[in-house]
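[1] sequence isn't available, so here's the structure alone:
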């Protein structure tokens, strides 16, 4: 799985403010993992990532991990 789960409003706000790349997981499967994106807006029921709307109660939003340089 990707990085840290963003669960609280504070987590989502900071990720939106700093334009942190995120991935949306629905039932522990990455939803359109090639798109990913940044959080555009959110409220207590929904979050918008990369132009797509997701219900917060059925998905996990996770920070994308940086790939280590080799």
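    It's in. Model, not experiment: these values are computed from the prediction.

[2] and the next element down the chain from the worst-scoring helix or strand of the chain on mean pLDDT?
    Least confident helix or strand, the chain: strand 29-30 with a mean of 71, by mean pLDDT, DSSP states H and E. Later in the chain than strand 29-30, the nearest helix or strand by DSSP states H and E is strand 39-42.

[3] sheet partners, orientation included, of that next one?
    Here strand 39-42 has these sheet partners by DSSP bridges: strand 46-49 (antiparallel).

[4] show me the helices in the chain, by range?
    Ranges of helices in the chain, per DSSP state H, are 9-17.

[5] pLDDT below threshold where in it?
    Residue ranges of the chain with pLDDT under 70: 1-2, 30-35, 67-70.

[6] one more time with 80, if that's ok
    Counting by pLDDT under 80, the ranges of the chain that qualify are 1-2, 27-36, 65-70.

[7] give the buried residues for stretch 43-57.
    The neighbour-count check on stretch 43-57 (16 or more other Cβ atoms under 10 Å) flags 47-49, 54, 56 as buried. To be clear about C-beta, it is placed using only N, CA and C from the backbone, and glycine gets the same treatment.

[8] what's it in contact with?
    Residues from elsewhere that reach stretch 43-57, judged by Cβ atoms under 8 Å, 6 or more residues apart in numbering: 9, 12, 22, 24, 26, 31-32, 35-42, 59, 61.

[9] ok, now with 10 Å
    The contact list for stretch 43-57 (Cβ atoms under 10 Å, 6 or more residues apart in numbering) reads 6-7, 9, 12, 15-16, 21-26, 31-32, 35-42, 59-61.

[10] repeat for stretch 11-30
    Contact with stretch 11-30 is made by 1-6, 8, 31-43, 47-50, 52, 54-56, 58-66, as judged by Cβ under 10 Å, 6+ apart.
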